[in-house]
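1. Have a look at this prediction, sequence included:
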Amino acid sequence: SLHALQDDMRWWLTASDHQVKMVLLSKFDHRLQQIIIERWEEDTQTRPGATTTRRAAASGAVRPVLRHEKARRRGSSGRRLHRAIGP
């Protein structure tokens, strides 16, 4: 499942001691004839609207962020459908 792949992505980022900089996930759904590709990167965790303190900046807290997602499938007419999210 895509959820299991995302769990694996978190493991790779953490187990590598944050040496892995980007993870690509690819999932094919046979029933929907759809492929999903996600690009994940780590980003420093901040509190929205809050001032970042020296302590918070020094802690280096990071979290995975979905930078790009593409889903592509073949429609019933054989025509390819495409959807993209992200930059």
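-> Received, thanks.
2. By residue count, tell me the biggest helix in this protein.
-> As assigned by DSSP state H, the longest helix anywhere in the chain is helix 2-15.
3. For it, list every residue counted as buried.
-> Within helix 2-15, the residues that qualify as buried by neighbour count (16 or more other C-beta atoms under 10 Å) are 6, 9, 13. Just so you know, the C-beta spots here come from the backbone N, C-alpha and C atoms, and that holds for glycine as well.
4. ok, now stretch 24-36?
-> Neighbour-count burial for stretch 24-36 flags 25, 27, 36 (criterion: 16+ other C-beta under 10 Å).
5. Run through this structure and note the low-pLDDT ranges.
-> The chain contains residues with pLDDT under 70 at 45-60, 75-87.
6. Strands of that one, start to end?
-> Assigned by DSSP state E, the chain shows strands spanning 22-29, 34-44, 62-74, 80-85.
7. Great, nothing more from me.
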